[in-house]
Every structure is written in C-alpha cells, then in structure tokens.
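[1] when you get a sec, could you give me coordinates for this:
(4 chains)
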Protein chains: 2
Amino acid sequence: MQELHVLQQNALLGLLPEDELKRLLPHFEEVTLTLGQSLCESGQQMDHVYFPIDSIVSLLCVMEDGASTEIAVVGHEGVVGVSLFMGGETTPSRAIIQSAGKAYRIKGQLLKNEFYRAGPMQQLLLRYTQALLTQMAQTAVCNRHHSVDQQLCRWLLLSLDRLPGDKLVMTQELIANMLGVRREGVTESAGKLQKAGLISYHRGHITVTDRPGLEGRVCECYTVVKEEYDRLLNGSSTFHVDSAWSSNRPTGLPIR
Amino acid sequence: MQELHVLQQNALLGLLPEDELKRLLPHFEEVTLTLGQSLCESGQQMDHVYFPIDSIVSLLCVMEDGASTEIAVVGHEGVVGVSLFMGGETTPSRAIIQSAGKAYRIKGQLLKNEFYRAGPMQQLLLRYTQALLTQMAQTAVCNRHHSVDQQLCRWLLLSLDRLPGDKLVMTQELIANMLGVRREGVTESAGKLQKAGLISYHRGHITVTDRPGLEGRVCECYTVVKEEYDRLLNGSSTFHVDSAWSSNRPTGLPIR
DNA sequence: CAACATCTGTACGCTATCACACATAAGGCG
DNA sequence: CGCCTTATGTGTGATAGCGTACAGATGTTG
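    Have a look, this model is predicted:
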C-alpha cells in the first residue's frame, strides 16, 4: 500500500481505484529524466509510456528546417505516449524533457493490454487525451493571436503548475524553442516581467516571485486549458459516466 | 447491402467490416448541413455524432474577443464529435459547416455504446482521433512559422481533398476567420494565387485550376497531415494491431 | 587566475501583418 | 433600370517580431 501511494504521485494514476493500480504496480519502473533528454523522436516507436512525477515533458512539433513549437506540456497530471494506446504506435511529434525529474514508466504493450480491458484505466486515458486535445487547440489559437509577452506568461504558469516549488531551470534559448520564437524575443519579454517584479532571472534559473501578477498578465488560454483539465480529470463526474464501479479514491488532481 | 454502400460514402465508416456496419445501419440518419450552420457550440453537449459525406466541417477555437482559428477540418474521411466517446461530453471548441452538403449522424449514446464494445469501431475512432491530434499539432506549428500565403494553400488543398470537384464556395472573409488572419490578408494572398493562374476567384466561388501548382507552393504541413492520415487510416495495418478479426473491406480512403 | 563557453541584454534595419479607411465591382431585388 | 448589400481590391501608417550583430556578464575549466 506504501508503494501504491508512490505511484499516486502521478495524479492521473492517483485517480485510479486502488485495486486497479495494485494490479499494475509490479510493472511500473521509476526512471530519472534529465533536461533535454528525448522520450520520443518524430515517427519513432516508443517502448514505454511515461507518467511524470516531478518532471515536465514538452511535446514539440518540429519542422524540416528545424523550427519547432511546443504543442502541449505534460507533468504529473498526465502521461506521455498516448499514441501507443490510440493505436497509431508513433506520432510525428517529439517529446523532450523540459524539466528534469522522475517518472514512472510501463511497457507500452502492458499498458495497451490494460487499456483494452475497457476499465477505469481506459476511461482515464481517454479523458486525458481529450484534455490534451484542448491544450493543443488552445496553443494553436494562442500562437496565432497573442503576443510573446502573453505566451511567456502562459508558459511560465503551465510549467509552475507542474513543479513543486516556484523555481524553474530553463534558459531563454530553450523557452524560445518551445514557444517557436527568437531567443531575443524571450529576453525582451522576460525583461519586462523582471522589471515588473514578477520573476527574477539568473542564467537559466527563473524564480517566480509574484504568481498572482503573472496570472494578471496571462491570456485566457491558460485558464481555458486549466479549467478543462479540472473538468475532465478532477470533476465530480470523473468516473460516473458509462462506468459501473465506484471509487473512494484520494481527492483529485493537485494541479494548483 | 445497397444501404451499406451508402454509409460507406463516409470513408471512416467504409473501413468497418460490413457486419459491424450492418448492425448500426438502422440507427443512422442522413441530414443536410448548410453553410455556416453550427454543429457544436463551445462547451455545449452534442446530441449526435456526425459522419460527413460531401460536407466539410471546421473545428474552430474561438476566444473571448471573438477572434478564432481553425484547429482542424473534417470531411468524408472523419467524424465530428470525438468528445462524446472520449468521455468529456463537451469541448471548448466550435464546429461549423464550412461547405454545405450531407452527413450521416447517429445518437451520441448509441455510438458510445458501440465504442465500449471495444470492437473495430473503437479501434477506428481512436485511430481517427490520433490523426486529429496530428492535424491540430501541425496547424499550431503552421500558425507560428508559415506565411499567410502558405497557409492559404494548405487550407485550399485540405478543403479540396474533401470535396468531389475543384470548386469551393467560400468568401475571403470566411477563410480569414478560419485562418485567424485579416480579410485583407486573404485578399492579397488569393490575388497572388490568381495571378499565378492557380485559382480563379469570383465572389465567394473559388475554382482551383492548377492543383499541382498549389501543391508546389504549400508548406510541408499539408503533406505531413495527409501522410499521417494515410498511415493511420489507410495503411495496411489498419486492423492488424491488437485486433482479432480480418476484413475484406473495400479499399481505403479516397482522400486524393 | 586565466581562458573559455554560456547566458543575457541591446541595437538596427527589415518584413509581414495589422488596423483602418475607402474605392470598386458584382449580384439581388424592388 | 436603379438601389442596396455583399464581396473584393488597394493604400497608408503603425507595430510586432525577425535576422543579424555584438557587448557584457557569469559560470566553468584548465
């Protein structure tokens, strides 16, 4: 039971009924993910599905000329590797570690077997995938209509929600790659935030000093995504629809 | 069997084994969709799931200030309403008819029941959803990195692939809403294409006169999406993985 | 400590797109 | 036909972000 609690550090797994989780327990493996590491290259088969704990994974869409854009971010509220149970096996996108930390992983085939039991795990993974759809859609519209300033706020808040503290390790260069803009653009926007006293920046180490201030500057895209995650994965109906079991699971997602 | 053939006008349904389709046949209903009609407003429950035949549906992400961006387009190769079987019931996005025509629809609850049989229909819908994920991701990166010119080409080709002929009924104003740019920007780009002899434009009626020419100007985003749809929904492995039946279905998707 | 690599800040001209304004044209309808 | 609505074309100035170049600052390593 002790070990179950450990798996539940990933909030998605934490939503599963304990007996379900217990069955899978022996198949999970804890791994350490390092900054910049790639979990999945474009078009390549993943062996495992990853459930982050305190790490953050960025899903990037990379183009032929090397330009890229982050299409979604995954932390302890989610899972990396949806294409495995969706049936496509591969995706054209890339998954890289945006913040070092730990994750649990399980063999793709094992998760797939579990998925096709059509139980709580399937429900959960499908709902999570829908949340991912929303995040991607909102990212697309944000790319189109919002300034780099706003997008940086969104990005910072999304990352912060997936981290234990208020510090992130990330150079402006890397943020620029995520947002699909120039490094100088990030420097400028980050400068504004720093002058406003919302963050302090120091050679790849960001400390958020005024989170409410960030929230005041961010575009609606952040809120829309957050609320949809709450609704889909933390709402009272998480396991009510089309399911025949009840769960006295621990209270839901600790996304702040 | 005659009627089965009719349902198979939607290529997704056409990929199902005939006995599966036969079971669902009585529950399908043909409807006519008119330009501009909304199948789904943000956050509202859909009653039906739609399988377009010769109509095209745009999935839009609309923001508070009314600005919008198309995040995906659905025609006879797909289905509108994935959120119903994904478990979320609603999405924050809007689905509007981009090209008038017919579609088959089925009650959401009925499709959901079918989905939870964990048979070919589930496989198919999941694979389609993954294709949708790819389309959305590529749209996001295209929004970020490519010019209006390129995006217009992409949009035209995506629409053309879902239409029987080489004509589309669509004002520049509406295209601008889809792409999330100004109407004048579309006028300018469309003017270039017209001068180059690739399209002819006339008060809301576009005729594509040189499709290869368009393909020569389009960005990679079009091809990436198209190939991923082919791989996921038309590839030789469509029903090979994790499934225990064989199908001598009609040949796959007629996406050109 | 010295040399070096990395990270961040700044500047300048350039281009695509925006916002707004307005002109032209084509079809619908009395 | 004449009027009105709708669709398209054009023009002008503003602006955000790009590409490039370079300078300062801060770690790191020999």
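[2] apart from its chain neighbours, what residue comes closest to the residue positioned nearest the centre of chain A?
    Central residue of chain A (CA atoms, centre = their mean): A:Val74, 1.2 Å from the mean position. Closest residue in space to A:Val74, ignoring its immediate chain neighbours: A:Val57 at 4.5 Å, by CB to CB, 6 or more residues apart in numbering or on different chains. Placement of C-beta: from N, CA and C, glycine included.
[3] neighbouring strands for the host helix or strand of the one you found, and are they parallel or not?
    For A:Val57, the host element (DSSP states H and E) is strand A:56-62. Looking at strand A:56-62 with DSSP bridges, its partner strands are strand A:68-74 (antiparallel), strand A:94-99 (antiparallel).
[4] now the following helix or strand past the last one: buried residues?
    So the one you mean is strand A:94-99. Counting by DSSP H and E, the next helix or strand C-terminal to strand A:94-99 is strand A:101-107. Under the neighbour-count criterion of 16 or more other CB atoms under 10 Å in any protein chain shown, strand A:101-107 has A:Gly101, A:Lys102, A:Ala103, A:Tyr104, A:Arg105, A:Ile106 buried.
[5] now strand A:101-107: average pLDDT?
    Averaging pLDDT along strand A:101-107 gives 95.
[6] one step back: does the residue nearest to A:Val74 touch A:Ala100 like I think?
    No: assessed by CB atoms under 8 Å, A:Val57 is found out of contact with A:Ala100, at 10.8 Å.
[7] shared neighbours, the two?
    Shared contacts of A:Val57 and A:Ala100 (CB atoms under 8 Å, 6 or more residues apart in numbering or on different chains): A:Leu33.
[8] the two: who's more crowded?
    Between A:Val57 and A:Ala100, counted using other CB atoms under 10 Å in any protein chain shown, the more crowded position is A:Val57 (28 against 15).
[9] nearest to B:Asp161, of the strands paired with strand A:56-62?
    strand A:68-74 (22.6 Å; CB to CB).
[10] list of residues touching the closest one?
    A:52, A:56-62, A:80, A:93-95, A:98, A:132, A:135-136, A:139-140, A:143, A:155, A:158-159, A:162, A:177-180, B:136-137, B:140-141, B:144-145.
[11] run through the residues you listed and flag the ones next to DNA strand D.
    By CB under 7 Å from any atom of the strand, the members of those lying near DNA strand D are A:Gly180.
[12] quick one: the helices in chain A?
    A:2-7, A:11-14, A:18-24, A:82-86, A:108-115, A:120-145, A:148-160, A:172-179, A:183-195, A:211-217, A:220-234 (DSSP state H).
[13] now those helices as a markdown table including mean neighbour count and distance to B:Ala190?
    Shown next, in a markdown table, are the helices of chain A (neighbours: other CB atoms under 10 Å in any protein chain shown; distance: least, CB to CB, whole Å):
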| stretch | mean neighbour count | distance to B:Ala190 |
| --- | --- | --- |
| helix A:2-7 | 13 | 55 |
| helix A:11-14 | 22 | 45 |
| helix A:18-24 | 16 | 54 |
| helix A:82-86 | 24 | 36 |
| helix A:108-115 | 18 | 45 |
| helix A:120-145 | 24 | 19 |
| helix A:148-160 | 22 | 29 |
| helix A:172-179 | 20 | 30 |
| helix A:183-195 | 16 | 30 |
| helix A:211-217 | 14 | 36 |
| helix A:220-234 | 20 | 29 |
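[14] any chance of CSV for these, columns distance to B:Ser200?
    Listed next are the helices of chain A as CSV, based on distance: least, CB to CB, whole Å:
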stretch, distance to B:Ser200
helix A:2-7, 61
helix A:11-14, 52
helix A:18-24, 60
helix A:82-86, 41
helix A:108-115, 50
helix A:120-145, 28
helix A:148-160, 38
helix A:172-179, 39
helix A:183-195, 39
helix A:211-217, 46
helix A:220-234, 38
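[15] surely A:Leu168 touches A:Ser99?
    Yes: here A:Leu168 reaches A:Ser99: they are 6.4 Å apart, a contact under CB under 8 Å.
[16] spit out the residues that contact those two alike.
    By CB under 8 Å, 6+ apart, A:Leu168 and A:Ser99 have these common neighbours: A:Ser159.
[17] what's near enough to touch the residue nearest to A:Phe51 when sequence neighbours are not counted?
    Counting by CB to CB, 6+ apart, A:Phe51 lies nearest to A:Asn10, which is 4.0 Å off, once chain neighbours are set aside. The contact partners of A:Asn10, by CB under 8 Å, 6+ apart, come to A:Phe51, A:Pro52, A:Ile53, A:His76, A:Val79, A:Ala103, A:Tyr104.
[18] pLDDT value on the third one, please?
    In other words, A:Ile53. 95.
[19] so how far is chain B from it?
    24 Å (CB to the nearest CB, to the nearest Å).
[20] A:Leu7 is in contact with that residue, correct?
    No: in this structure A:Ile53 lies outside contact range of A:Leu7 using CB under 8 Å: 9.2 Å.
[21] next, show the common contact partners of those two.
    With CB under 8 Å, 6+ apart as the test, A:Ile53 and A:Leu7 both reach A:Tyr104.
[22] make sure A:Met63 is actually in contact with B:Val141.
    Yes: in this structure, A:Met63 is within contact of B:Val141 by CB under 8 Å, at 6.2 Å.
[23] who touches both of those two?
    Listed as contacting both A:Met63 and B:Val141 by CB under 8 Å, 6+ apart are B:Cys221.
[24] up against DNA strand C, what does chain A have?
    A:171-173, A:183-184, A:187-188, A:190-191, A:194, A:201-204.
[25] ok, which pair from those is furthest apart?
    A:Glu184 and A:His202 (18.3 Å).
[26] need the contact list for A:Ile56.
    A:Val73, A:Val74, A:Gly75, A:Ile97, A:Gln98, A:Ser99, A:Gly101, A:Ser159, A:Arg162, A:Leu163.
[27] how near is it to A:Met178?
    11 Å (CB to CB, to the nearest Å).
[28] again, but for A:Ile97
    12 Å.
[29] grab the nearest non-local neighbour of A:Leu193.
    A:Ile199 (4.9 Å).
[30] low-confidence ranges, the stretch 1-150 of chain A, go.
    A:1-2 (pLDDT under 70).
[31] any idea which residue of it lies closest to DNA strand C?
    A:Arg144 (7.6 Å; CB to the nearest atom of the strand).
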